[in-house]
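Peer 1: sharing a sequence plus its predicted fold:
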2 protein chains.
Amino acid sequence: MEEMLSAYADAVRAKDVVAFVGLYTDDVRNFDLWSEWHYDGKDALRGMVAEWFGSLPDDEVVAVRFDDVRTQAGEDVAAVSAFTTFAAESPDGSELRSMNNRLTWVLRKDGDGAWKIAHEHTSAPAGDEGKVQLRR
Amino acid sequence: MEEMLSAYADAVRAKDVVAFVGLYTDDVRNFDLWSEWHYDGKDALRGMVAEWFGSLPDDEVVAVRFDDVRTQAGEDVAAVSAFTTFAAESPDGSELRSMNNRLTWVLRKDGDGAWKIAHEHTSAPAGDEGKVQLRR
């Protein structure tokens, strides 16, 4: 699963929508941290990701780090959970700001034997007055 | 997986900590909607659930309903995602209040061939001003 995590981080750093969406199954169900209860299918995910990458300033990149990764590796279904840090970096590599969230992936082996993300769930816990806490 | 969902709802309705915790593996990792970034292991989960059930008024029960359930069924690892409704009911069965969340389970087959929840992730999306939305 390490390759999947690296591929995700690489796609975000490159703001590469095609590479990003290529990690997911066509019927992916995404439970995202922000705004929507779910994104249903790869086209809905593509729209969300294109908007995200498009909203990033040209002179910033987003570095993704995964901590405390745990996997449940099965024959045909697998899962990953981790804590994720998204850090905005300036061109010289200094960190401008960052946030944390919690990630769960359910992966399925496709016909070619490659793993794809069939379900993604990201969130942060609700704290005082129901506000999401974005720092661990 | 239907039996697991029913068993979960039954344990919540009965406020039965032992039955509830019995659905999970010893090493379960729980990403809960509220307050904490994670609960690590069955003992931590038991503490959280005992507090939850203990906080419920004696004359109320919590009815749990799952909608739009999807499963990824593997040989030894499986997953479930769904939208959950928790409804507080008075003794005559009328609904007092309710909230929604999003549920992901990763299940693992234990030595006896029984499925247990190895990872649970519940959340609700963050909306305006970062407040969690508890109604779908």
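Peer 2: Everything's here; your move.

Peer 1: what ranges does chain A have for its helices?
Peer 2: Along chain A, the stretches classed as helices by DSSP state H are A:2-13, A:17-21, A:42-54.

Peer 1: now those as a markdown table including distance to B:Gly93 and mean neighbour count?
Peer 2: Placement of C-beta: from N, CA and C, glycine included. Output for these, formatted as a markdown table (distance: least, C-beta to C-beta, whole Å; neighbours: other C-beta atoms under 10 Å in any protein chain shown):
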| stretch | distance to B:Gly93 | mean neighbour count |
| --- | --- | --- |
| helix A:2-13 | 46 | 15 |
| helix A:17-21 | 46 | 16 |
| helix A:42-54 | 37 | 15 |
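
Peer 1: out of the ones you listed, which is closest to A:Glu129?
Peer 2: Checking the helices of chain A against A:Glu129 by C-beta to C-beta gives helix A:42-54 as the closest, at 26.5 Å.

Peer 1: just checking, what packs against the closest one?
Peer 2: helix A:17-21, strand A:24-31, strand A:39-40 (3 or more C-beta pairs under 8 Å, 6 or more residues apart in numbering or on different chains; DSSP states H and E).

Peer 1: out of these, nearest to B:Thr71?
Peer 2: Nearest of the helices and strands packed on helix A:42-54 to B:Thr71, taken as C-beta to C-beta: strand A:24-31 at 11.1 Å.

Peer 1: can you list the buried residues in the closest one?
Peer 2: Using 16 or more other C-beta atoms under 10 Å in any protein chain shown as the test for burial, strand A:24-31 gives A:24-25, A:28-31.

Peer 1: repeat that for stretch A:103-114.
Peer 2: A:103-109.

Peer 1: so which of those reach chain B?
Peer 2: When contact is defined as C-beta under 8 Å from any C-beta of the partner chain, the buried residues of stretch A:103-114 meet chain B at A:104, A:106, A:108.

Peer 1: for chain A, what lies in contact range of chain B?
Peer 2: So chain A meets chain B at A:29, A:31-38, A:70, A:72-79, A:81, A:83, A:100, A:102, A:104, A:106, A:108, A:118-119, A:121, A:123-127, A:129-134, A:136 (C-beta under 8 Å from any C-beta).

Peer 1: show the buried residues in the residues you listed.
Peer 2: Burial by neighbour count, judged by 16+ other C-beta under 10 Å, picks out A:29, A:31-33, A:37-38, A:70, A:72, A:74, A:77-79, A:81, A:83, A:100, A:102, A:104, A:106, A:108, A:118-119, A:121, A:123-126, A:130, A:132-134, A:136 from the residues of chain A next to chain B.

Peer 1: partner strands of the longest strand seen in chain A, parallel or antiparallel?
Peer 2: Counting by DSSP state E, the longest strand found in chain A is strand A:95-109. Within its sheet, strand A:95-109 is paired with strand A:77-89 (antiparallel), strand A:115-123 (antiparallel), according to DSSP bridges.

Peer 1: sorry, back to before: which two in the buried residues of strand A:24-31 are spaced the farthest apart?
Peer 2: A:Thr25 and A:Phe31 (14.9 Å).

Peer 1: these two touch, right, A:Pro91 and A:Asp59?
Peer 2: Yes: using C-beta atoms under 8 Å, A:Pro91 makes contact with A:Asp59 at a distance of 5.7 Å.

Peer 1: wait, what's in contact with A:Trp70?
Peer 2: Careful, residue A:70 is Arg and not Trp. Residues in contact with A:Arg70 (C-beta atoms under 8 Å, 6 or more residues apart in numbering or on different chains) are A:80-82, B:29, B:119.

Peer 1: tell me how far it lies from A:Gly113.
Peer 2: Separation of A:Arg70 from A:Gly113 (C-beta to C-beta, to the nearest Å): 23 Å.

Peer 1: same question, A:His119
Peer 2: 19 Å.

Peer 1: next: A:Gly47.
Peer 2: From A:Gly47 to A:Gly113 the distance is 29 Å (C-beta to C-beta).

Peer 1: what do you get for A:Asp27?
Peer 2: For A:Asp27, the distance to A:Gly113 - C-beta to C-beta - is 18 Å.
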